[in-house]
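Colleague: sequence plus predicted model, see below.
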Amino acid sequence: MKVTKIDINAEVIDIDLFTVFGLFNKGITHKNRLTIIESIIKEFDKHLEVSQIFNGVPVLNNMRATFYEFKESRKSDDIDNLWHVFESALELADNDNESTRDEFIKIYNVVSKQRGIRWNLTMALFWIRPNYFINLDRTNRSYLLNSKDMPVDFVEIIKPKIKNLPNGKDYLMINDSCKNMLSSDEFEFNTLPELSYEV
């Protein structure tokens, strides 16, 4: 199987966990996704059951599967920052309070300005904690902005905030608003994974 080039001259000096997830969460065949996941599990000598279903899991463009630029174009701390936002996101999802929110917002804002980062950051956050973080890929954004599907006041509030990748504070506001809205009885689905699956 031909694997995505993840750095210049196929020389991998460092990598972040989001890019590892991106190796199998991109537009490839179901069989190849399973092969990559099983190989990663085998490499780390883990005995885990591999899901056979990927419906609702957002995928990257095959040509943009890394969360960083190649060595000659990235800053020295870009990959470290990706690890930091990963760790901060886990901490926030597991222990949501003012301190963990502030820390997450701070590092999210740093990472969101890095080369190679676009809406893929929200997709990656969804991959690691799908019940906590919303995926704002094109499909979900289109759905959230459709007043036929969503309350008009909600659409009006978030519309200006998702013209471009939102900052950390706005991302959490959108995230919180969606979770609160889905927890009501107005929708056929009630969780972020169900939203991603249904749309």
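Modeller: Here it is on my side, so go on.
Colleague: model confidence for the nearest residue to residue 167 once chain neighbours are set aside, exactly?
Modeller: Leaving aside its chain neighbours, residue 167 sits nearest to residue 109 (5.6 Å; criterion: C-beta to C-beta, 6 or more residues apart in numbering). Any C-beta I mention is one placed from the backbone N, CA and C, and that applies to glycine too. Reported pLDDT at residue 109 in the predicted model: 98.
Colleague: any idea which helix is longest in this structure?
Modeller: helix 78-94 (DSSP state H).
Colleague: in that helix, which residues are buried?
Modeller: Going by neighbour count (16 or more other C-beta atoms under 10 Å), the buried part of helix 78-94 is 78-79, 81-86, 88-90, 92-93.
Colleague: need the next SSE after the one helix or strand residue 142 maps to, C-terminal direction.
Modeller: Following DSSP states H and E, one finds residue 142 within helix 138-144. Moving toward the C-terminus from helix 138-144, the next helix or strand (DSSP H and E) is helix 152-158.
Colleague: got phi/psi on residue 60?
Modeller: phi -80, psi 160 (degrees, to the nearest 10).
Colleague: is it in a bridge, and if so with what?
Modeller: residue 26 (DSSP bridges).
Colleague: residues contacting it?
Modeller: By C-beta atoms under 8 Å, 6 or more residues apart in numbering, the contact list for residue 60 reads 22, 25, 26, 27, 120, 123.
Colleague: tell me the spacing between it and residue 22.
Modeller: 5 Å (C-beta to C-beta, to the nearest Å).
Colleague: just residue 51 next, same as before
Modeller: With C-beta to C-beta as the criterion, residue 51 and residue 22 are 17 Å apart.
Colleague: so those two - more neighbours on which side?
Modeller: residue 22 (25 against 10; other C-beta atoms under 10 Å).
Colleague: local confidence estimate at that one?
Modeller: Per the predicted model, pLDDT is 90 at residue 22.
Colleague: looking at it, residue 13 is touching residue 70, isn't it?
Modeller: No. Counting by C-beta atoms under 8 Å, residue 13 sits too far from residue 70 to count as a contact (10.2 Å).
Colleague: so those two - more neighbours on which side?
Modeller: residue 70 (15 against 8).
Colleague: the chain: helices as residue ranges?
Modeller: 17-24, 30-43, 78-94, 98-111, 120-128, 138-144, 152-158, 168-182, 192-198.
Colleague: the inter-axis angle of the longest one versus helix 120-128?
Modeller: Helix 78-94 and helix 120-128 meet at an angle of 50 degrees, taking axes from the mean of the first three to the mean of the last three C-alpha atoms, to 10 degrees as the criterion.
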